[in-house]
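Asks: turn this into a model:
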Amino acid sequence: MNMKKIAFLPALLLTAASSAFAQDTDFSASATYAFESEFNFRGFQIAGDTFTPSAEGRINSGLDTYYFGVRTALPTEKDDNRVKMHEYYAGGEFHFGEKFAVDLGVSHYQFLPFSEDSATEGILGLTWKGPLNPSLYVYADTDGDMLTFEGSLGHAIVIDQKSALLFTGYVGTTDFHVGSNYAGFMIDYSYSFTRYARFAVGGRIARLDPDAPDAGDELVEADTRVWWGVSFTAGF
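Replies: Numbers count the residues shown, from 1 in each chain. Below you'll find the model as predicted:
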């Protein structure tokens with residue numbers, strides 16, 4: 001599947017979901033078209049300029065929510081060795097009270113052209129809706145040889161009825177590929193055109209510490225990366 005087809009996939013999924021669930025007020029869907037000046041994944045800097053279109057559907061049932069979606073990463077470099085990532089995922093958020101929730105899901109990653117790095121993972125997340133909105137996620141692949149732990153905090157400062165500053169910090173450790181410890185921080189300015197359409201732009205910084213050998217069998221040194229991203233999200 002080429003880059004143009006993948007780029008239009010979120011819109012196609014959103015259109016199909018709208019037709020199937022237009023009369024069901026408990027269903028919502030969104031598509032996001034985004035660009036990142038770098039593609040960093042679990043402590044590894046994989047590519048430079050990258051388009052990251054995605055689409056997601058959500059079904060609300062009482063306090064619980066079920067979701068499914070697709071995320072992609074499409075580097076702009078025309079290189080035979082560029083890494084394209086496709087992620088397909090589904091799961092449910094099960095609430096205990098108004099603030100605490102357990103997130104259970106499954107995700108399948110495809111890394112092309114390096115298909116040997118593709119993996120299917122189980123997802124377990126614990127989230128708390130409150131000050132700084134803390135969360136802890138565990139990702140375990142079905143082969144039992146990759147395990148990732150990631151925690152995050154987030155906060156929003158409302159500027160007016162349409163705009164806000166969003167702050168997110170995270171830290172993680174993973175066995176993905178060879179192994180890595182990583183931490184990062186993001187700040188975004190978000191502007192809502194309507195209830196269902198918003199634009200965001202912001203900066204990111206991450207400390208990547210991959211435990212991976214380079215061509216000389218020496219460990220790759222830790223690296224601090226700084227990049228930016230922009231996105232537009234629309235849905236119903």
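Asks: which strand residues bridge residue 189?
Replies: For residue 189, the beta-bridge partners under DSSP bridges are residue 165, residue 201.
Asks: burial count for it?
Replies: Other residues near residue 189 come to 14 when the count uses other C-beta atoms under 10 Å. C-beta: built from backbone N, CA, C; applies to glycine.
Asks: check what pLDDT it gets.
Replies: Here the pLDDT value assigned to residue 189 is 98.
Asks: okay but it is in contact with residue 202, surely?
Replies: Yes: the pair residue 189 / residue 202 is scored as a contact, 6.0 Å apart, by C-beta atoms under 8 Å.
Asks: give the residues shared as contacts by those two.
Replies: Overlap of the contact sets of residue 189 and residue 202 (by C-beta atoms under 8 Å, 6 or more residues apart in numbering) consists of residue 166.
Asks: and the residue sitting nearest the centre point of the chain, what element?
Replies: The centroid of the chain falls nearest to residue 71 when counting by C-alpha atoms, centre = their mean (7.2 Å). Residue 71 belongs to strand 64-75 when assigned by DSSP states H and E.
Asks: circling back to that earlier point, contacts only, for the residue nearest to the centre of the chain.
Replies: Contacts of residue 71 by C-beta under 8 Å, 6+ apart are 52, 54, 85, 86, 87, 89.
Asks: from residue 34, how far out is the first one?
Replies: If you measure residue 52 against residue 34 using C-beta to C-beta, to the nearest Å, the figure is 4 Å.
Asks: cool, the fourth one as well?
Replies: Distance of residue 86 to residue 34, given as C-beta to C-beta: 15 Å.
Asks: same check, this time on the fifth one
Replies: Relative to residue 34, residue 87 is positioned 14 Å away (C-beta to C-beta).
Asks: quick check: neighbours shared by residue 52 and residue 34?
Replies: residue 231.
Asks: so where do the helices sit in the chain?
Replies: 3-21 (DSSP state H).
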